[in-house]
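Enquirer: Following is a predicted model, sequence given first.
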Amino acid sequence: MSSTTAPSLSGPAPNIRTVLPGLMLAMLLAMLDNMIVTPALPRILGELGGVSHLSWVVTAYILGTTVSTPIWGKLGDLYGRKTVFLTSIVLFLVGSALCGVAGTDLLGGTGNGMAELIAFRAVQGLGAGGLIVGVMAILGDLVPPRERGKYQGQFAGIMALAMVGGPLVGGLITDHLSWRWAFYVNIPLGGAVLVLLAATLHLPKRRTEHRIDWLGAALLTVGVTALVLITTWGGTEYPWRSAQILGLTGLAALALAAFVVVERRVAEPILPLRVLANRNFALITLVGFLLGFAMFGALSFLPLYQQTVQGASATNSGLLLLPIMAGAMVTSLLVGKLITKTGRYRIYPILGGVFMVAASLLLAQLDVHTSKTTAAAYMVVLGIGLGCLMQTTMLIAQNSAEQRDLGVASSTATFFRSIGGSFGVALFGAVFAHRLADGLVARLGPAAPTLDGGGGSFDPATLGALPAPVREALFGSIADATSQVFRWALPFAIAVPILAWFVREVPLRGYNDAPGETLAEATGAPAAAAEAAAGGPVAGEGRDRAGAR
């Protein structure tokens, strides 16, 4: 008998407790920064000007994040996640610092402050893309699939906290400090993350021979940029049938078609098509797309309903979204623990989809008479659905991929959810605008054209100055438009549990394969000994994983 003992690869990494706080804070920073800026936009406009480009302060960040996500994931698989992740943190911090000084004498004071801020937000978004995918991929490196549920449940809670708490924190910072501190606050927090993870994060080494798919990265960037611009400009800056939108549509189609051709031929594709060929991965990625489409798109319109129809301030409207956060956080933590305990996960995306359907039906009943308590109860249902889905979609995606593709799997799942949200905002924005216009015409007749539905019409001072009949008509139209958005979200929500039903229950491994190697190669032990070190035979699991393809 050989005296060599194979090291155990089962269970979370010993340093998970020291690494976890840094990963959580990194996720919070990346998710929070998109939401925290919204309350500061009026102050930014007042200081920097450039009203026609104000929306780009948000769009540039989303664009940078979405475009870079798949690329960061692949770079992590090639070069090692620690180096790539720390690089993304540095880029995020540089972007944050530059955003804070946009339009000041530190940059010469002679340029266009708004243009500078937009450019620096794009830089910040590029870094944030690496933070989001890096956190989930690193968690996959440190924790085997069987144990990931409870940890990913905690990260889902962080995402819910950022989604709801971002506007509240942004309002407080803007009111009591300055809009620039919405960016400066990232520097000490991000610096702490950088130092902590540089000292405590230890990951397996990656292979050193690789070729970067520059052409694929360029084509993906062009295609995704065109898609985001379509969803941002369509129906707002330009009509949907305008030459600009049709041209962008053609550009996106050509770039993405060429991307698929390139990915089939290169040695190191940005998105290996073998990952998408996995049945479970394809299904759960589509579920994630619909999750972003139906819920994150529709959620964009709840604060407007609360600030107008329910008379909440910008800060208080963030507090009124707390039921969503509470439902999502409690559910995600509970689901994560149950998955870790039982090893079963298939039921949770199905249940999450059912709760999404119920929430869509309930929120479609919102009107001018709905009390805040009733609306809060509806939002708890939505939060429960999100809590069942947010971490299980990532868990299933990672469990469906080989260890060498963990970064790609994580980034692809994140990417499709982000794109779904962009499409949802575009579609539901058009639905909201048309329903609002129709409602105003029905209620006010010739007076309706005086209310264009723009941001100025919904300003509290403007609303307070309106005659009572006009204000009531506007509130009624906003309530109708909001409920119509959730009616449109309903069929997409219904598709979620249907698709999730066809996901196969592939056993969650209690170990992590060594990246780029077989388990026996990684341990230097015979195959049988390696299986024993990993917690038992893996042949059955291999058959199950193959069965999901």
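Expert: Cool, got the structure. Numbers count the residues shown, from 1 in each chain.

Enquirer: ok, now which ones touch the spatially most central residue of the chain?
Expert: With distances taken as Cα atoms, centre = their mean, the residue of the chain nearest its centroid is residue 418 (5.1 Å). Going by Cβ atoms under 8 Å, 6 or more residues apart in numbering, residue 418 touches 62, 65-66, 69, 292. Any C-beta I mention is one placed from the backbone N, CA and C, and that applies to glycine too.

Enquirer: Tell me if I am right that it is in a helix.
Expert: Yes - assigned with DSSP: H, G, I helix; E, B strand; the rest coil, residue 418 falls within a helix.

Enquirer: So that it lines up with my notes, have the first residue be 32 from now on.
Expert: OK, 32 is where the count begins now, so the last one is residue 449.

Enquirer: separation between it and residue 61?
Expert: Distance, residue 449 to residue 61, by Cβ to Cβ, to the nearest Å: 12 Å.

Enquirer: Could you tell me which residues touch both of these two?
Expert: With Cβ under 8 Å, 6+ apart as the test, residue 449 and residue 61 both reach residue 96.

Enquirer: Point out where the stretch 332-481 of the chain drops to low pLDDT.
Expert: 343-349, 434-435, 477-481 (pLDDT under 70).

Enquirer: Which residue ranges of it form helices?
Expert: 333-339, 345-351, 353-373, 378-394, 403-430, 437-475 (DSSP state H, counting those that start in this stretch).

Enquirer: that older thread, which of the contacts of residue 449 fall in strands?
Expert: The strands, defined by DSSP state E, take in nothing from those.

Enquirer: Next step: these restricted to helices.
Expert: 93, 96-97, 100 (DSSP state H).

Enquirer: With pLDDT and neighbour count as extra columns, can I get the residues you listed in TSV?
Expert: Listed next are these as TSV, based on pLDDT from 0 to 100; neighbours: other Cβ atoms under 10 Å:
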residue	pLDDT	neighbour count
93	78	22
96	82	29
97	80	22
100	80	28
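
Enquirer: What is the nearest of those to residue 300?
Expert: Comparing those against residue 300 with Cβ to Cβ places residue 100 closest, at 15.4 Å.

Enquirer: Now for the closest one: which residues touch it?
Expert: Going by Cβ under 8 Å, 6+ apart, the list of residues near residue 100 reads 160, 163-164, 442, 445-446, 449.

Enquirer: now do residue 92
Expert: Neighbours of residue 92 in contact, by Cβ under 8 Å, 6+ apart: 64-65, 68, 152-153, 155-156, 159.

Enquirer: Out of the helices of the stretch 332-481 of the chain, which gets nearest to residue 527?
Expert: That would be helix 378-394 among the helices of the stretch 332-481 of the chain, by Cβ to Cβ, at 3.4 Å.

Enquirer: which outside residues touch that closest one?
Expert: Counting by Cβ under 8 Å, 6+ apart, 315, 318, 322, 325-326, 329, 333, 366, 369-370, 408-410, 412-413, 415-420, 423-424, 427, 513-514, 517-518, 520-521, 524-525, 527-532, 534 sit against helix 378-394.

Enquirer: what distance separates that helix from the middle of the whole chain?
Expert: Computed by Cα atoms, centre = their mean, to the nearest Å, the chain-centroid distance of helix 378-394 equals 19 Å.

Enquirer: relative to helix 353-373, how tilted is that helix?
Expert: Here helix 378-394 points in a direction 160 degrees away from that of helix 353-373 (axes from the mean of the first three to the mean of the last three Cα atoms, to 10 degrees).

Enquirer: buried set for helix 378-394?
Expert: Applying a neighbour-count criterion of 16 or more other Cβ atoms under 10 Å, one finds 378-391, 393-394 buried in helix 378-394.
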